[in-house]
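1. Make a model of this:
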Amino acid sequence: MVPERTYERLRVRGVRVGTASDPGRTTGVTVLRFEGPAPTVVDVRGGASATYDTASLGLDATYGGRWAVFLAGGSVFGLDAGRGVRDAILAGGGGHRAFRHPRAIAPVSGACLFDLPFSDGPLPDYAELGRRATLDANDRVRSGRVGAGTGATVGKYRGRRYASPGGQGFAQGRIPGLGRVVAVVAVNSVGAIWHPAQAAWVRGATIRGRLVPPTAGRRPSTRTAPTPRGTNLVAVVTDVPLDRPSLHRVAVLAQAGVARCVVPSHTATDGDVAFASSTASGKPPEARYPGELGDTVGRLAEELVVRAVLAAVSD
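-> Okay, the predicted model is just below:
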């Protein structure tokens, strides 16, 4: 039985987090819902990502506001969660009008991880999971095997049968005089989990009850060995007002947090993706040098991602 985790109260203004898992608890969806269209950017490092409406989050895009960001299981099937998220927001009176059209829109973005079972059974209704997770959004967040982390595993470098449980992780912090930052992650990695402060492996491939760490340059012993598939999904939200270039720096540094504690990460067969959003409006605080705010928030985001990854796999 998966141990219950204690909820932690979310303290970043303008965002709520909701989760939903399928009845069999093999997969799920996590939604970060904003009070309005929050400026959002994305950084994609994995070579096999599954993403939903991320092209318009580029720095050269005209519009980049999002009403929600979702993280989901299900690989490309999980992208259906976007429809459920959007429909729930619109049904609740959210969204805004665009180009003077009478119908409201609620742009959302997301990314998915690979947790599909190796069987030919029916797939969960990811649109319904997205809708339920959106309606569940509140100020209490729990780490563990919930939401997008429900069916996640880590340490697939020796094959999926030797993998260990992954999960969803959460961490938040405060920058005095500026504001708060939160990181939500779904850890479903090819790599093992390294604890930087303890200088020790804490979870990875387990063979005969023993954790076997990854070895650089090692190849599978047979040509028929399955390709390891995994993904680390990250969503960072701050109530510090940041422009889009600064948010991109935050997303880049959040990915650095993944690389510090997931080994290997950003591989050809994973889909590592990091979103960064700001719920604040108004002019950013004055900076002493170009990029200072992005660096400051990003450094905290990097540390929070490390803490969230460790929380995701903590018993």
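
2. contacts and neighbour counts: CA atoms only from here.
-> Will do.

3. For the top strand by length along the chain, buried residues please.
-> Identified as the longest strand of the chain according to DSSP state E is strand 28-44. Of all the residues in strand 28-44, those buried under the rule 16 or more other C-alpha atoms under 10 Å are 28-34, 36-44.

4. for the record, mean pLDDT for that strand?
-> The average pLDDT for strand 28-44 rounds to 97.

5. now swap in stretch 115-133 and tell me
-> pLDDT averaged over stretch 115-133 gives 92.

6. Quick one: residues in contact with that stretch.
-> Outside stretch 115-133, the residues within contact range by C-alpha atoms under 8 Å, 6 or more residues apart in numbering are 18-22, 26-31, 70, 73-75, 77-88, 147, 151-153, 188.

7. Would you give the sheet partners of the longest strand of the chain, along with the direction of each?
-> Next to strand 28-44 in the sheet, as set by DSSP bridges, lie strand 15-21 (antiparallel), strand 65-72 (antiparallel), strand 273-278 (antiparallel).

8. circling back: give me the buried subset of the contacts of stretch 115-133.
-> Applying a neighbour-count criterion of 16+ other C-alpha under 10 Å, the buried members of these are 18-22, 26-31, 70, 73-75, 77-82, 84-88, 147, 151-153, 188.

9. Extract the C-alpha set from stretch 64-73 and format it as PDB.
-> Extracted C-alpha coordinates of stretch 64-73, given in PDB (Å, rounded to 0.1, in the frame of the first residue of the first chain):
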ATOM      1  CA  GLY A  64       1.800  33.300 -24.100                       C
ATOM      2  CA  GLY A  65      -0.800  33.600 -21.400                       C
ATOM      3  CA  ARG A  66      -2.200  30.300 -20.000                       C
ATOM      4  CA  TRP A  67      -5.200  29.600 -17.800                       C
ATOM      5  CA  ALA A  68      -3.600  26.400 -16.700                       C
ATOM      6  CA  VAL A  69      -0.700  24.000 -17.100                       C
ATOM      7  CA  PHE A  70      -1.300  20.300 -16.800                       C
ATOM      8  CA  LEU A  71       1.000  17.400 -16.300                       C
ATOM      9  CA  ALA A  72      -0.300  13.900 -17.300                       C
ATOM     10  CA  GLY A  73       0.400  10.300 -17.700                       C
END
